[in-house]
Each structure stands twice: as C-alpha cells, then as structure tokens.
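**Student:** Build me a structure from this.
(2 chains)
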Number of protein chains: 2
Amino acid sequence: MSNDWCEIEKVAKSWIYEAAQIIKSSFASSIHIETKSNPNDLVTEVDKAIESFFYHKIKEAFPEHFFLGEEGIAEELQSLKGTVWLIDPIDGTMNFIHQKYNFAISIGVYQDGIGMVGLIYDVMADELFHAVRGKGAFLNEEPLVPVKERPVEEAIIGINARWLIEGRNPYRNPLSALVRDVRGTRSIGSAAIELAYLAADRLDGYISVKLSPWDYAAGLVLLEEVGCRASNFQGDRLSLLEPGTFIAGKPHVHKEIISLYLGEDH
Amino acid sequence: MSNDWCEIEKVAKSWIYEAAQIIKSSFASSIHIETKSNPNDLVTEVDKAIESFFYHKIKEAFPEHFFLGEEGIAEELQSLKGTVWLIDPIDGTMNFIHQKYNFAISIGVYQDGIGMVGLIYDVMADELFHAVRGKGAFLNEEPLVPVKERPVEEAIIGINARWLIEGRNPYRNPLSALVRDVRGTRSIGSAAIELAYLAADRLDGYISVKLSPWDYAAGLVLLEEVGCRASNFQGDRLSLLEPGTFIAGKPHVHKEIISLYLGEDH
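**Tutor:** Below you'll find the predicted structure:
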C-alpha cells in the first residue's frame, strides 16, 4: 500500500503541536529525571510519555508502519524495510530540563530507507522546520532556499566543545584544527535544532562524534531538500540503525572537512 | 540632576523596538561587511547606523549623558562619572550576518559606575530581557526569579570552543578541565544573549577570555537583580572601561570556577 506523504506530514504536524502542549504543561510540575549511560545522559518521564504518545498515535493510524524511538518503547528494528517512523520525542533533553528552551520534537518518516518526511519542531521558539521529499523545505510557512556555498574559513560550524577535550576521542586533533580554521563555532545542545539551522542557513555545517538515527532522521530529509550533504566522517552513507560519527554541511564545506580534516588519511 | 530610571528604561525600550525594525528591514538589501582586528572580527554599516541612531536619540533626549559604544562613534571615555550609556548596537555581528538570528541590542545605563538600567533585546526571538536596579529583572512582561544554585558538575556553561584550542590563550588548560567537569557547554555567539540566558536560568555560567564593557554592561544589571555574580578571572571587579577576562555565574558556580580553575594559583 503506498503512502500519501503530504497527508502523513499534515497528520504528523497536528500530533507535534499536540505533543508540544503536553511538554509545555509539564513545566508546571516538577519533572522526575533519571540518568542513562552516564550522569549527564538524562531522561525524564516527559520524554517517555511523548514517545508513548507518538507510538500509540502511529499504531492507531498506521498499524502497518514501524517505529524507532530514542526511549526504546517499540520493538528493536533490524532493517528499514517498509515505512519507518524515526522519532526523538525531546531532542536536547538536557536543555529541556535545565533551560526549558532550545529542545525539539524530531520526526523522520522513511520508506525502505529513503527519507520521505522530516519535521523538527523547536517547541519554545515555535519554529517548525518541515519537508516532504521533492517538495522543498519550510520554516513554518516560509520556504527555505537552496543553500549558498561558503569557504570553510568563513563557515560557522555547530560542534560541542566537549569533543575537543575528550581524551578518548580519536578525532580530537583534527576537530581542534578545524575549530581553529573556521570563522566560528556554535553549540545549541540539540542536534535536531542544529540540523534545522543548517537547512535554514543559520549554520554551514554540523559535526558530532556520536549521533543516533533518531537525532538526524528528520534533519536528513530537510537537508536533502536544500542541497546539503550528510555522512559519517569517512564520507559514507549513514546507517540509520546504529549510532556513529556524523557530519552534515553545505556540499563544499562537507567535502572539504572530510578530505582535509576527518577522512581516512588523517 | 537626578534621573528617573524607570522613565529611562521606558524610553530606551521604545528606541530598541524602533532600532529592531531598522535592523530587520536591512535584511531586504545586501549588507556591506568590513573586518576589524582580524578577518573574523566583522562590522557592517548596520552596526554603525544603529549605534548612530542611539547616539543621536540620547544626545537629543539627555544632552548631559555620556555614551560608550562598540563602534566608537562617540568621544572616548576616561571615567564612568555621571550618567553613561554603554551600548552594543548589534551584539553577535557574526550571527547577524551569517544567521540573521541570535543577535541582540544591548544597552546598559550607569550612574557613577553603578548599573541602573539594563536591556538586552534578542531581536529575532522577540525576547526583551530588562531590569531597573532594585526593581527585579524581566523577560518581556514575565518576572525572572532569583537564581537557584547548582553544583559545578551539573552546570551548563556558555563558552566558545575557540578558547579551548587557542595556543596563545593562557587559560586553555584550566578551561579545558572545566569543560570536562561540567554537565554541558553551549555557545550562542552573542555574549549579551548568553548573559540574558544566565539571568533567565537557561545557563548556570558564562565565560570569555576577552570581553568588552559594551558586551556585558546591560547583562550586569540583569544579573545583579537575580542574584548572579560577575568578575574577571581573578574575582576582581570588572573595569567597564577596558576589555578583559570575564566570568559570570550563579554565586556558587562563579566562586567555585574561580577558586578551582581560574584563580591565581592555577
């Protein structure tokens, strides 16, 4: 059965706005926080409730679709066959807890591994970045224009300072060289928002030493529509099932950073 | 002659909204960009026009007041005697040029060196952070609450990644240790916005190896109202006439970072 992607985008948007209201109303009460892999890897009952909200909405509306979410509510996926929703219910959980600002709902819908719909909603800024494959990307109602190239030395790159001081990070030295060479770096603390910013020409690239499919699934759809590229540090296709290195950027910026800083010979 | 600080805040607000319209309308035409101290130290004719706009408004309304602005339109100040307006017409010029987002108008009004009025307007987010000494701080119409303390290891600190890789920066090692120890770091690319975020509890501290008085003059007034501290890296009072090291934070975070990382013995 084939999907109507514009209709799926429309339905997903309405769920996103509904979920955003639940998230905002959670600020009124104190939020229970747990840690995951380390003391700074946080999750709240709100992340879990929002993932559950989307899971049940999708299962009800599209029982044949699959679901991959950050909080692991659904069965583990072994492949991307069929229609798969890749969801981060709250991307930037640390910001959600500490700042009550700069966090996003991120939803990517894929068909046999190809990104068809991408939505990133910056809840507090009320900015919905969205795209359907082949139909262009938008920020709220405004179309996003195809990206304009910029030399690496004039680029602003989204990258977290932590990657520059982490002794175990094998990319510490090339990333430090890159930070020295570019015009500036920024760190919002939400990969989804930073990818949306790249699509909206607020950044020229975004780099993470470890990113998960639900962090970038929606972003990839937006980036494709504005002519940006994304890959792992070797320039290979992203797995969409496993976490790994991640670099996205305007085509020239993406290519130069891989060949001059991150590629196999470095 | 004594000043009515609430009236000055009101007048400054109306000028800020007027200036913001001028800035936003500048996006319609291409903006001429020059470099200052280095290829990444940028200024545009919009920065200069907005500084000129404030200079003339102030000179007309308060001819006896003094003026210190980033773009140097006014006479150089030798002291902070009398009433002084410290203005950054566009804080985050690189963001203004590249992102058309995340830049601010920053205005601090001081009386004999004491901050009386502070206004930071994040133009694109339409967030006006403002305070009159002794009357509390506000984000638009909402009062900002006195800060809640947080241990350093749970703190989110605003700091630019560049300070961690700059060989000539004498604070590179202690700042790297700090970034390793805190919960997270962020970098918006506008000191004024980051100080406003600190006042609004979106950050727990903000650090720069070199900051100028117009970057932090407004922020200091906001921070004072919510119970935050600011100083140079030695814990001494900020000069307000010369650039220098800068650390602001919640009292415990501010004190611990100086004593454990940045202070004289390190």
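
**Student:** all contacts plus neighbour counts: C-alpha atoms, from now on.
**Tutor:** Will do.

**Student:** State the next helix or strand along the chain beyond whichever helix or strand A:Asn95 is part of.
**Tutor:** Counting by DSSP states H and E, the element that carries A:Asn95 is helix A:93-98. Scanning forward in sequence from helix A:93-98 by DSSP H and E, the next helix or strand is strand A:104-111.

**Student:** what's next to that following strand, contact-wise?
**Tutor:** With contacts defined as CA atoms under 8 Å, 6 or more residues apart in numbering or on different chains, strand A:104-111 is touched by A:16, A:20, A:80-92, A:115-123, A:190, A:192-193, A:214-215, A:217-219, A:221.

**Student:** Show residues contacting the helix holding A:Asn95.
**Tutor:** By CA under 8 Å, 6+ apart, the residues outside helix A:93-98 that reach it are A:40-44, A:47, A:90, A:101-103, A:189-190, B:156, B:201-203.

**Student:** Name the residues of chain A found near chain B, please.
**Tutor:** By CA under 8 Å from any CA of the partner chain, the residues of chain A that approach chain B are A:40, A:95, A:98-101, A:125, A:154, A:156, A:160-162, A:164-166, A:176, A:179-180, A:183-189, A:201-203.

**Student:** Pull out the buried members of these.
**Tutor:** Neighbour-count burial within the residues of chain A next to chain B applies to A:95, A:99-101, A:154, A:156, A:160-162, A:164-165, A:176, A:179-180, A:183-189, A:201-203; the criterion is 16 or more other CA atoms under 10 Å in any protein chain shown.

**Student:** pLDDT wise, what is A:Glu225 at?
**Tutor:** pLDDT recorded at A:Glu225 is 98.

**Student:** Give me the domain ranges for chain A.
**Tutor:** Domain segmentation of chain A under automatic domain parsing yields A:5-143, A:152-262.

**Student:** Looking at these, spot the one closest to B:Gly72.
**Tutor:** Nearest of the domains of chain A to B:Gly72, taken as CA to CA: domain A:152-262 at 23.9 Å.

**Student:** and the closest one, how far from the chain's centre?
**Tutor:** Distance of domain A:152-262 from its chain centroid, counting by CA atoms, centre = their mean, to the nearest Å, is 11 Å.

**Student:** Now intersect the contacts of helix A:93-98 with the helices, please.
**Tutor:** Within the contacts of helix A:93-98, membership in helices is found for A:Asp47, as judged by DSSP state H.

**Student:** what about stretch A:181-192, how long is it end to end?
**Tutor:** 25 Å (CA to CA, to the nearest Å).

**Student:** Quick one: residues contacting the closest residue to chain B within the stretch 1-150 of chain A.
**Tutor:** Of all residues in the stretch 1-150 of chain A, the one sitting closest to chain B is A:Gln99 (3.9 Å; CA to the nearest CA). Residues near A:Gln99 by CA under 8 Å, 6+ apart: B:201-203.

**Student:** what does the longest helix seen in chain A contact?
**Tutor:** For chain A, the longest helix by residue count, based on DSSP H, is helix A:5-26. The set of residues external to helix A:5-26 that reach it, using CA under 8 Å, 6+ apart, is A:46, A:50, A:53-54, A:57, A:105, A:116-119, A:121, A:123, A:132.

**Student:** Just the ones of those residues in strands?
**Tutor:** Applying DSSP state E to the contacts of helix A:5-26, the entries found in strands are A:105, A:116-119, A:121, A:132.

**Student:** Against chain B, how distant is A:Ile193?
**Tutor:** According to CA to the nearest CA, to the nearest Å, A:Ile193 stands 13 Å off from chain B.

**Student:** What ranges does chain A have for its strands?
**Tutor:** A:33-35, A:42-44, A:66-69, A:83-91, A:104-111, A:114-122, A:127-132, A:137-139, A:142-143, A:156-158, A:184-186, A:205-211, A:229-231, A:244-249.

**Student:** Looking at the stretch 101-250 of chain A, what residue ends up closest to chain B?
**Tutor:** A:Arg202 (4.0 Å).

**Student:** got the phi/psi numbers for the residue lying closest to that residue once chain neighbours are set aside?
**Tutor:** Once flanking residues are discounted, A:Arg202 sits nearest to B:Gln99: 4.0 Å by CA to CA, 6 or more residues apart in numbering or on different chains. Backbone geometry at B:Gln99, expressed as degrees, to the nearest 10, gives phi -100, psi -20.

**Student:** how about low-confidence regions in chain A?
**Tutor:** Applying pLDDT under 70 to chain A flags residues A:1, A:264-266.

**Student:** Name all residues that make contact with the residue of the stretch 101-250 of chain A closest to chain B.
**Tutor:** When contacts are counted by CA under 8 Å, 6+ apart, A:Arg202 touches B:95, B:98-101.

**Student:** Relative to chain A, which of those residues is nearest.
**Tutor:** B:Gln99 (4.0 Å).

**Student:** My read is that A:Ser231 contacts A:Phe246, right?
**Tutor:** Yes: taking CA atoms under 8 Å as the definition, A:Ser231 is a contact partner of A:Phe246 at 5.9 Å.

**Student:** higher neighbour count, the two?
**Tutor:** Neighbour count, other CA atoms under 10 Å in any protein chain shown: between A:Ser231 and A:Phe246, A:Phe246 has more, with 22 against 19.

**Student:** Could you list everything the more buried one pairs with in the sheet?
**Tutor:** In this entry, A:Phe246 is beta-bridged to A:Ser208, by DSSP bridges.

**Student:** That one is in contact with A:Pro213, isn't it?
**Tutor:** No: contact criterion CA under 8 Å: A:Phe246 and A:Pro213 do not qualify, at 10.1 Å.

**Student:** one step back: what sits in contact with each of A:Ser231 and A:Phe246?
**Tutor:** Common contacts of A:Ser231 and A:Phe246, defined by CA under 8 Å, 6+ apart, comprise A:Leu238.

**Student:** sorry, back to before: and which of the contacts of A:Gln99 is nearest chain A?
**Tutor:** Of all the contacts of A:Gln99, chain A sits closest to B:Arg202, with 3.9 Å by CA to the nearest CA.

**Student:** and that closest one, how far is that from B:Pro243?
**Tutor:** As judged by CA to CA, B:Arg202 and B:Pro243 stand 25 Å apart.

**Student:** from memory A:Phe129 sits against A:Gly136, does it?
**Tutor:** No: counting by CA under 8 Å, A:Phe129 stays clear of A:Gly136, with 10.9 Å between them.
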